[in-house]
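Q: Sequence plus the predicted model coming up.
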Amino acid sequence: MASQQGFVSDTAPSTALPHVRPTSSLPRAVRPPRAKPLPARSRVECLLYIELHPCPCGQADVDWARPRESRIDGRRAATFDGDCHGCGTSRGFQFHLPDEPVAPPAFGGAEPSRIIGPHEFLALGRRAEAAVAGDPARLPIASAEAALHVLTVAIAAHEEVVKFIPPDGPAVPREAFTSDAARSAFDHAPDGYDRAALTARLADYRTLERAYRRRLAPH
Ligand SMILES: [Zn+2]
């Protein structure tokens, strides 16, 4: 369970996703002079985007200052600034946020992400799934609490993949993958993007989530 602290939290950027290859066609990290803010749906989506875009030197760790809230073009915005641990370069990201962002662990509302693709969400969901211990009844309370948090990340990430499926469609369409790396991953394992497979997986997760909540309920 050592990796559970790294999963997306709503408090500070972490380095949770070293195994998710950033996809080159995603918007690049914003550097001064700043480009237009990226359209995020929530603070956790900002943090995941930052994790997916390490410094060009390869280092993802940054001492981020507390994000600054402002209004840009009349809309709520959050700015993250910090210095790379690897090379000292100043790094920055700027996002637009809805006035009433969804609460964590959700990454957004009903609409799919405009800044993170289905491949990245599925990779996060799979990594979170792998970090969830099996039987909550056998876990100490603290471990069960941590595992439940990771499980909620797995659920939220898989829900994000489903949002890329058209309302009456059977699967995430290939057009939803915006980089060669993501399309290649999809072509090698398209079944993971089927609505039926995702729905079944989410049902299993929610059964497990209920078991964790029972384990953690006061006796
Ligand atoms: Zn660097």
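A: Yep, that arrived.
Q: Now the residue positioned nearest the centre of the chain: which helix or strand?
A: In the chain, the centroid-proximal residue (Cα atoms, centre = their mean) is Leu48; its distance is 4.4 Å. Secondary structure assigned from DSSP states H and E places Leu48 in helix 43-51.
Q: Mind splitting this protein into its structural domains?
A: Domains of the chain are assigned by automatic domain parsing as 32-109, 118-216.
Q: quick one: buried residues of the helix or strand bottoming out on mean pLDDT in the chain?
A: One helix or strand of the chain scores below all others by mean pLDDT, DSSP states H and E: strand 62-64, with a mean of 82. By neighbour count on 16 or more other Cβ atoms under 10 Å, the buried set for strand 62-64 is Val62, Trp64. Bear in mind the C-beta positions are built from the backbone N, C-alpha and C, glycine included.
Q: which helices and strands sit right next to whichever helix or strand comes after that strand?
A: The C-terminal neighbour of strand 62-64 among helices and strands, as given by DSSP H and E, is strand 68-72. Here strand 68-72 touches strand 75-84, going by 3 or more Cβ pairs under 8 Å, 6 or more residues apart in numbering; DSSP states H and E.
Q: and the next element down the chain from the strand it packs on?
A: Next along the chain after strand 75-84, taking DSSP H and E as the criterion, comes strand 90-96.
Q: Put the alpha carbons of that following strand into CSV.
A: In CSV, the C-alpha atoms belonging to strand 90-96 read as follows (Å, rounded to 0.1, in the frame of the first residue of the first chain):
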residue,chain,number,x,y,z
SER,A,90,10.4,28.0,-13.2
ARG,A,91,7.2,26.1,-14.2
GLY,A,92,3.7,27.3,-14.3
PHE,A,93,0.2,26.2,-15.2
GLN,A,94,-2.9,28.3,-15.5
PHE,A,95,-6.4,26.9,-15.7
HIS,A,96,-9.9,28.2,-16.0
